[in-house]
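In: I'll drop the sequence and a predicted model, then ask my questions.
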Amino acid sequence: MENLKTNSSRRTFLKTSLLAGGGLMIHFSGLAKLVLPHTEGGQAAEQWTEINGYVKISPKNVITILCPNPEFGQNVMTSLPMIVAEELDVDWKKVVVEMGPHDNVKLGPQFTGGSNSMRMYWKPLREAGATARHMLKLAAAETWSVPVDEITTRQGMLYHDKTSKKATYGDVAAKAAGMPVPKGIKLKDVKDFNVVRKSQKNVEGAKLVSGKPLFGLDYQHEGMLIAMIHHPPAFGMTHKSFDATATRKMPGIKDVFTIKVYEDGFAQGGFDVRTFNDLIVVVGKTTWEVMNARKKLVVEWMPIGDVKNTMAGRDGKREVVVPGALESTTTQLLKMREYEKMPAQQLRKDGDPETAFKNAAQIIERSYDAPFLAHNCMEPMNFFAHVTDDKALLVGPVQAPGWTEPTLAKVLNLPPDKIEIQMTRMGGGFGRRAYGHYLVEAALISRKAKAPVKLIYSREDDTTYGIYRPMYTATYRAALDADKNLIAFHVKGGGIPEHAIHANRFPAGAVDHYLAEGWEIPSNITIGAFRAPRSNFNAAAEQCFLDELAEAMGKDPIALRLELLKRAKENPVGKNNEYDADRYAGVLELVREKSGWNSAVPKPFKRGVAAYFCHNSYAAHVVDLVLKDGQPYVERVFSAVDCGIVINPDAAINMVQGAVVDGIGNSLYGGLTHKDGVVQEQNFHSYRLIRMHEAPKSIDVSFVQNDIDPTGLGEPPFPPVFGAVANALYKATGKRHYQQPFTLSNSRI
Amino acid sequence: MIANQFNGHKHEGTLRSVLVMAVLMLIIGFMAFGSTIGHKRKVMQGKPIAAKDSVASVKAFEKVYAVLMSPRCMNCHPAGDVPLQGDDSHLHAMLPKRGTDGKGVYAMKCMNCHQPTNTPGLHTPPGNPNWHLPPADMKMVFEGRSPYELAKQLVDPKQNGHKDIKKLKEHADDDLVLAGWNMGEARTLPPMSHAEFKKAWITWLNTGAFAPKEQ
Amino acid sequence: MITLNINQKTYKLDLDPNTPLLWVLRDHVGLVGTKYGCGVAQCGACVVHLDGEAVRSCVTKASRAVGKKVVTIEGLSENNSHPLQKTWLELDVSQCGYCQAGQIMSAAVLLRENKNPTDQDINDAMAGNICRCGTYLRIKEAIKFAAAAGSGEKV
C-alpha cells in the first residue's frame, strides 16, 4: 500500500512529485468544468466535469481518459490510460481515450522517449485515478448520507450495500468536482489489479485498420498549403545562389523563398539539432505539384566551411565549431583508426588495469565498428503550422513537444502560451522526432508564406536530412591470468561525433581492474537519439566480445556472464554501477531455461546469446540462426525481459517482438554511408530494411514476473539483438563479425 | 575496413562475368541450328536465308550475347524465379516471384509497380505495358548461360517460346526487347544501340545461327 | 478533368492525369488512409486495389485508373468487417500502424487468389510491404487466421 500526498486548495488539485531519476514535477490540472466537443460512440457534445488532468467523467458516465504522452507505436495511448482506469475502477471497455493537448503544466513532461513513459507516469496516474475514485465515493457518501468507508466501487459504479443504493460515477461527478481534494488515498494492491497486467487492445486499432486520419501527414486545415524544403545535397554545403524562375511557373506553385532556421548567435538547446540552417522552400497547393516544381530549381551549391554554433548550457552559452569538411565513409573510418591510437578521456578506472595487463598471461583484444543509422520512420518528417502575428498553431508528429515549444517561442518571438502544439499519432519515431527542427521550419515557412502550411519531407529528404545514430567504434581488451581468470577489462570507444561508452555498466563492477575511455571526432553529420542510444552499439560490441572471451576462457557464455554478475553482486568493484546484478542475471537465467540452452542445439540451428541493461530494464535473447542460400536467417528467437510490472502483456510481447525484428534488420542490413558529404542510401532501394521473409518464424517472449514498478520497454529489448545475432553468426560461419552490418556477402538477399 | 562493408548490396557475380568470348577461328565442330534440330530443319530449309557463314555468325553472336547478358536484358531472364535488379544484377529487392505466367504473384505482380511507362525520377520502377518475366514453363534463362548455351537455347523452339527464325527476327523489335533501351533515368543502357544489336541479331540468324564453341 | 471510380463513388477531378493516384487520393479526394512511405514502390504503404490488383499508388498515374475501379482501405469493407480487418484487431497487430493499411490491402489480394496460403505464399505476397516496427509475425498470423476463418469471397 502506498499513500498519496497531495496539496489542495478550494478548486485546484495540485500534486507535485519528484520522479525517479529526474527531479521532474507533475502538476495536475484544476478542477474545472469544461465543455468539449465529443462525438465518440455517438455521444453529443456535453458538459464535462474534469476531475483532474487525466480523467473526465460525463454525467452520462462516459469515462474519458486523456493520454498525456505522444503515441508512436509503443502503445502509450492504451497503456497509460489503463493505469488510470485501474485505480479509478472503471470498465475498461467503456473508457474513451483521447490524446491530450500539449500542456506541460497540466499534463507533465509529455515526452515520449528514453523508454520513460511508464516509469514517469506510473505513480502520478495511479494517484490521479485513486484520488478521483475517492472523491466520487465522498460525493456519493454525502448524497446518500452514509459513511464513505461503507461505499464500494465496481466498474464505474458506486454501491452502498446496506441501503442497496447505487449510482454511476457520472451521477455524482459534478458533486465530486466540488469536493476538497483528499489526502492520503491508498493505492490498490498490485495483486488486486484487474485492468493493468491484463491484455487490452490498442485503443486506436479500429481506426488504424480502416484508414482513419490519425497521423501528421493526414492532417487537413482550411486553406492549407504544402511546403517542401530543397536542402543541400551534402553535409557541409549550402546554397550560393538559385534560380526559381522555372519552379514558379509550375502549376500550383505559390511561392519560393528562403528561411534561416536559427539566427546567428541563437543559443541551441540539446534537442535543437538541425542539419542545415539556410533553406530554400517551395510552397504550393498540392504535394505532387510541389514535388515536381522543386525539381525545377536551379541551385548553385558551395561548401559552407567551418560553422560556429552557439550552444545553450548550464554554464551559459558556449561556441562549438562544426567542421566544414565533406566527409566520406572511407575517410571517416581512417580517421577513427588514427584517433583510436591516441590518448583518450578516462571515464572510469578501478584497481590498476595497467599493471594487470602487463602481468597478464593472455590478452584478448578486439575492435568493433558500426555505421551511421537512419531512423527511417515510415511516416516521413512533416508538420503543420499556422503562424500569425500573435499566435501559432502547430499540429503533427512529435516526440517531445515540450522541448520544441521554448525554441519556437524564441524563434517566433511569441510567448509560450500563444503557441499551441497538437500531437498526432506518429508513423514511427525511434528518437528521430525528439528533434523538433521540422516544427521550427514549418512555423517559419507559415509565417513567411502568411498561410497555414504543411511541411512535408520526401523519403529522400527524410533519409538524407537526418539526425542519425552516430558512427561508432570500440576496442575491448581482456587480461587473463595463467588459469584463464579474467583479471582486467579495458574498453576504449570512440565515434563520430560521439563515443558510445557507458562506463558504469556491466562488466564494470565485476572485474577488479577496469578502465573505460572515450574519444570523439567532431563532424558536420548531425546525430541524435536512435532507439536505445549508445546502448544499441555497446550491446553489439561488448556482447560479442564477452562471447569471444567466454570461448577463450573455456566457459559457457551464459555461465561466464552469471559468474561475473555474481561477483558484481557479492563483492562489487567500484561505485556507481548502474545495473542490478540480480535482475540482470534473472533475464539470463530465464532465457537459458526457455531456450533449452543447456540441451543440444536443435538442428539446423546455430545459436547465439546476448543480454543488456539499459533504460532501467533488462533483456536477453537467444537467437537461432541458419544459413539460407548462404545468407544468415534468424529463424527463432527466445527473449527474456525484466521491465518490472508488465502493464499490457500482449502489447508488451508485440513490442519485444518488434524490437527483435528491428534489431535483426539493423544488425544484418542497416547502415548509412557518405561520399563527399552526400548520403549514399537515399531511399529503401539502397537503404535496406528487413522484410517479412527475413523476420523470424517465432519470437518467444517471456517476462520476469515481479512487482517492481514498471521501467522501460520500447528500447531495452533492441540492443542485445545485435550481439545475439553476431554470436549466432559466428557459430554458423566459424568467423567472428566485427563490422556492422553483418551481411555475409554483398548480395542483396 | 572499407566503405562498402557498410552498404554493400552488390551481388557477387558468378557466371555473369563469363563474358569473355574467345571466339576461335576453328569452327569445325560448331553446330549450327539447322543441323541439330532435325524436325525443324525442313522448316528452315524453305526460308530465304543468307548463306551459312559460321565465322560471320559467331562474330555477330558476340554482339548479341553482350547485349542479352547486359543487365537491361538479363535481369528479367534470371536463373531463379526472382528477377534481378541494377547494373550489378542483384536479386530484385522484395523478391517478387515469377508466377506461372511470368507476371508475378498475389500482391506482387509486376504491373503493380511497373507501370505502362517509366515512372519519372531516380530509382523508380521502369515501365512497359507488358512488363513480365518469361513464364514458368518457358523460363528462357540468360543468367549464367555461356555463349554456346545461350545460342543453342535461343534457337530451340522448346526453349525460346516456340519461335521459328522468322519470329525470332521479328522479336528484335518486340516492345519489351525495345524497353531495354528505355529503362528510365540513370539506368545504364545495353552496350550498343538497338539498331546495332538488331543488325547483329539478324546477321547471326541469317548466317546460320551458329553457336560459339563451348569453352 | 478526369473521372475516377473510387470506393464505388464517381469523382470528377480537375488535375494533371500524370498525378500519382496516391496524391489524388490524399490531396484531392481526401482519402488519407493510403499512405506515403517512399514514393518509389519500395515500401507498400500506398497499396490500393486497381481492378482488384494491389498497385502501388505512389507510382500509378491517375490516368491509369480511368475506367477502372479503385478501392482503398476506406472502401475495403464497411465497419471493419473484412476478415483481415477482424483478425488484425483480434491479434492487435499494429504498433505505430502507419504501414498497416497497405499490409491489409496486399493481404486481401493474396487471400482472394489463395484461400489457404502457406508461409511461403504469404512471404511471396507480402515482401513488398515494409513494417518498420517489425510486426511481421502478427501480420502473418492475422493472414492465416483470416484464411482459416474462410476469407476471400468478399475481397
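Out: Perfect, thanks for sending it. All values reported here derive from a predicted model rather than from experimental measurement.

In: Would you mind measuring from whichever residue of the stretch 351-500 of chain A sits closest to chain B to C:C131?
Out: Closest to chain B within the stretch 351-500 of chain A is A:P371: 4.2 Å, counting by C-beta to the nearest C-beta. Bear in mind the C-beta positions are built from the backbone N, C-alpha and C, glycine included. Computed as C-beta to C-beta, to the nearest Å, the A:P371 to C:C131 distance reads 22 Å.

In: What ranges does chain C have for its strands?
Out: With DSSP state E as the definition, chain C shows strands at residue ranges C:2-6, C:9-13, C:47-50, C:53-56, C:69-71.

In: For A:P371 and C:C131, indicate the residue with more neighbours.
Out: C:C131 (33 against 27; other C-beta atoms under 10 Å in any protein chain shown).

In: Model confidence for the closest residue to the more buried one other than its chain neighbours, exactly?
Out: Spatially, and ignoring its direct neighbours in sequence, C:C131 is nearest to C:C99 (4.9 Å; C-beta to C-beta, 6 or more residues apart in numbering or on different chains). Here the pLDDT value assigned to C:C99 is 98.

In: quick check: longest helix of chain A.
Out: Ranked by number of residues, the top helix in chain A under DSSP state H is helix A:117-144.

In: For it, enumerate the helices and strands it packs against.
Out: Judged by 3 or more C-beta pairs under 8 Å, 6 or more residues apart in numbering or on different chains; DSSP states H and E, helix A:117-144 is in contact with strand A:46-52, strand A:55-57, helix A:76-88, strand A:151-154, strand A:157-160, strand A:165-168, helix A:169-177.

In: among these, which is nearest A:N666?
Out: A:N666 lies closest, by C-beta to C-beta, to one member of these: helix A:76-88, at 23.0 Å.

In: and the next element down the chain from that closest one?
Out: Using DSSP states H and E, the helix or strand that follows helix A:76-88 in sequence is strand A:95-99.

In: picking that back up, from memory the residue nearest to C:C131 sits against C:C38, does it?
Out: No. With contacts counted by C-beta atoms under 8 Å, C:C99 stays clear of C:C38, the gap being 10.9 Å.

In: Spit out the residues that contact those two alike.
Out: Taking C-beta atoms under 8 Å, 6 or more residues apart in numbering or on different chains as the contact rule, C:C99 and C:C38 both touch C:A45.

In: Identify the residues contacting the residue nearest to the spatial centre of chain B.
Out: Nearest to the mean C-alpha position of chain B, counting by C-alpha atoms, centre = their mean, stands B:L68 at 3.5 Å. Residues near B:L68 by C-beta under 8 Å, 6+ apart: B:M74, B:H77, B:F142, B:L150.

In: The closest residue to chain C within the stretch 501-650 of chain A sits in which helix or strand?
Out: Distances between the stretch 501-650 of chain A and chain C by C-beta to the nearest C-beta are smallest at A:D650, namely 6.0 Å. Using DSSP H and E, A:D650 sits within helix A:649-669.

In: quick one: that helix to chain centroid distance?
Out: For helix A:649-669, the separation from the chain centroid amounts to 14 Å (computed by C-alpha atoms, centre = their mean, to the nearest Å).

In: Let's test this: mean pLDDT of it, rounded?
Out: pLDDT averaged over helix A:649-669 gives 97.

In: Out of the strands of chain C, which is closest to A:S79?
Out: strand C:47-50 (29.8 Å).

In: nearest spatial neighbour of the most centrally placed residue in chain C, skipping sequence neighbours?
Out: The centroid of chain C falls nearest to C:M105 when counting by C-alpha atoms, centre = their mean (2.5 Å). Excluding the flanking residues, the one nearest C:M105 by C-beta to C-beta, 6+ apart is C:V47, at 4.2 Å.

In: Which residues are in contact with that neighbour?
Out: With C-beta under 8 Å, 6+ apart, C:V47 has these contacts: B:107, B:112, C:34, C:54-57, C:101-102, C:105-106, C:128-129.

In: what do you get if the cut-off is 10 Å, keeping everything else the same?
Out: With contact set as C-beta atoms under 10 Å, 6 or more residues apart in numbering or on different chains, C:V47 has these partners: B:107, B:112, C:22, C:34-35, C:41, C:53-58, C:72-73, C:99, C:101-109, C:128-129.

In: cool, and A:E289?
Out: A:I226, A:M250, A:P251, A:G252, A:I253, A:K254, A:V282, C:L15, C:D16, C:T19, C:W23, C:D27.

In: can I assume it sits in a helix?
Out: Yes. Counting by DSSP: H, G, I helix; E, B strand; the rest coil, A:E289 is located in a helix.

In: Now do the same for it: its pLDDT.
Out: Reported pLDDT for A:E289: 98.

In: and what of the one 3 residues further on?
Out: In this prediction, A:N292 carries a pLDDT score of 97.

In: Ok, A:P81 next?
Out: 88.

In: Contacts only, for it.
Out: Neighbours of A:P81 in contact, by C-beta under 10 Å, 6+ apart: A:54-55, A:63-68, A:88, A:92, A:95-98, A:125, A:129, A:195, A:200, A:203.

In: Quickly note the distance from the closest residue to chain C within the stretch 1-150 of chain A to A:K183.
Out: Closest to chain C within the stretch 1-150 of chain A is A:G73: 3.0 Å, counting by C-beta to the nearest C-beta. For A:G73, the distance to A:K183 equals 38 Å [C-beta to C-beta].

In: C-terminal to the longest helix seen in chain B, which secondary structure element comes first?
Out: Looking across chain B with DSSP H, the single longest helix is helix B:54-68. Using DSSP H and E, the helix or strand that follows helix B:54-68 in sequence is helix B:71-74.

In: if we can go back for a sec, the residue of the stretch 351-500 of chain A closest to chain B contacts A:I525, doesn't it?
Out: No. Using C-beta atoms under 10 Å, A:P371 makes no contact with A:I525, being 11.1 Å away.
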